[in-house]
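# I would like the atomic coordinates for the input below:
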Amino acid sequence: MICLLLGTVAFVHAQDKDSTLQDFVGKYKFPEGSIVAEVTVSIEGAGLAMGSSIGTSALVKIGEDLFSIAAYDGTAQFKRDTNRKVIGVSINAGGYALEGTKSDGIAIDRAHAMLINRTNRLTAK
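Numbers count the residues shown, from 1 in each chain. I've put the predicted structure just below:
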């Protein structure tokens, strides 16, 4: 009985962890003239990754809604509205400060995005 209880608690905890990370997944758009037009946050393995036209980096949680951008020695502070929905991100990395807003679109993981890009390239030929 104890094993069943522990298994249930572990499963619920894992679900909470996944839903918390899922809050951040999506595309964030930046004002025209920014060093990058947008970044995509996706779940990779047990954590988050942020990718843009200049590269990809793991995100390491260092506080509530605050992550270290490992490859660029920077930070990403996600912003929430009054309903606790993630609506934007402030990025400080590589000497740049960027303010982006989360776009209203379907958030997909990196593997799915890569498959879509490959399919689009093949059908374009």
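# gap between Gly88 and Gly45?
25 Å (CB to CB, to the nearest Å). (Each C-beta comes from the backbone N, C-alpha and C, glycine too.)
# typo on my end, Phe67
In terms of CB to CB, Phe67 sits 15 Å off from Gly45.
# ok, these two, which is more surrounded?
Neighbour tally, Phe67 and Gly45, criterion other CB atoms under 10 Å: the higher count belongs to Phe67, 24 against 7.
# quick one, what contacts the more buried one?
By CB atoms under 8 Å, 6 or more residues apart in numbering, the residues touching Phe67 are 48, 59-61, 75-78.
# For it, which non-adjacent residue is closest in space?
Spatial nearest neighbour of Phe67, excluding adjacent residues (CB to CB, 6 or more residues apart in numbering): Leu59 at 4.0 Å.
# Please name the bridge partners of the one you found.
Beta-bridge partners recorded for Leu59 (DSSP bridges): Leu48, Ile69.
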